[in-house]
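J.: Just to be clear, the model below is a prediction. Sequence and coordinates:
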Amino acid sequence: MFNNRHKNTLTLAALISLPITASALNMGNAPDIVISNFKKQHPDQKIERISKETHFDRTLYEVKLYGPRIEHEQALYNEKGEEVAHETPIDIEALPKAVRETIDTEFTGFKILDAEKISLPASQLVEYEADLSNGTESWEVVLNPEGQLLAKKQE
């Protein structure tokens, strides 16, 4: 039985870990509700671009933003205009120790190429996504701050 924290965590892990197809949109092709809600939720930010992403049967709109006091670089919205996640690139050294230890243990010989902090605004949960490579294989992984591996996919 999962509590709400686990449901939200699994939802984000599934959201991040599924195969993605993306296409850039101009503002006129993005749903009005996504643009309207973005402007309400981020009044000091401007939209750099919007990409439509398909995660199997789930459509998301990734809004790349810029402006003063930027807290995260990308906001993900569903088709209803609900903001479901934030993504912010972080330095590899900023990954929690437990996250780095799990990666070192589960992916021996792999190097962390880049990392993002992912947050769910509705639940206040934080997760970390990292791209890994050993020169012949590449993986994308999602872990919680305690280092629990929530999702992985080979790229």
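T.: Structure received.

J.: quick one, domains of the chain?
T.: 4-89, 90-115+124-154 (automatic domain parsing).

J.: Any idea which of those domains has the lowest pLDDT on average?
T.: Looking at the domains of the chain, the lowest mean pLDDT belongs to domain 4-89 (a mean of 71).

J.: ok so, going back, okay, the domains of the chain in JSON lines with mean neighbour count next?
T.: Any C-beta I mention is one placed from the backbone N, CA and C, and that applies to glycine too. Output for the domains of the chain, formatted as JSON lines (neighbours: other C-beta atoms under 10 Å):
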{"stretch": "domain 4-89", "mean neighbour count": "15"}
{"stretch": "domain 90-115+124-154", "mean neighbour count": "16"}
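
J.: What separation do you get for the nearest residue to residue 142 once chain neighbours are set aside and residue 127?
T.: Nearest residue to residue 142 in three dimensions, chain neighbours excluded: residue 151, at 4.3 Å (C-beta to C-beta, 6 or more residues apart in numbering). From residue 151 over to residue 127 the distance is 9 Å, taken as C-beta to C-beta, to the nearest Å.

J.: again, but for residue 31
T.: Taking C-beta to C-beta, one finds residue 31 at 26 Å from residue 127.

J.: cool, and residue 86?
T.: In terms of C-beta to C-beta, residue 86 sits 11 Å off from residue 127.

J.: Give me the common contacts of the two.
T.: Taking C-beta atoms under 8 Å, 6 or more residues apart in numbering as the contact rule, residue 86 and residue 127 both touch 118-119.

J.: Quick one: residues contacting the nearest residue to residue 145 once chain neighbours are set aside.
T.: Excluding the flanking residues, the one nearest residue 145 by C-beta to C-beta, 6+ apart is residue 96, at 5.0 Å. By C-beta under 8 Å, 6+ apart, the residues touching residue 96 are 128, 145-147.

J.: show me the contacts for residue 114.
T.: Residues near residue 114 by C-beta under 8 Å, 6+ apart: 89, 92, 130-131.

J.: Tell me the spacing between residue 80 and residue 111.
T.: Counting by C-beta to C-beta, the gap from residue 80 to residue 111 is 39 Å.

J.: scratch that, residue 122
T.: In terms of C-beta to C-beta, residue 122 sits 34 Å off from residue 111.

J.: What's opposite residue 62 in the beta bridge?
T.: Beta bridges link residue 62 to residue 51, residue 76 when assigned by DSSP bridges.
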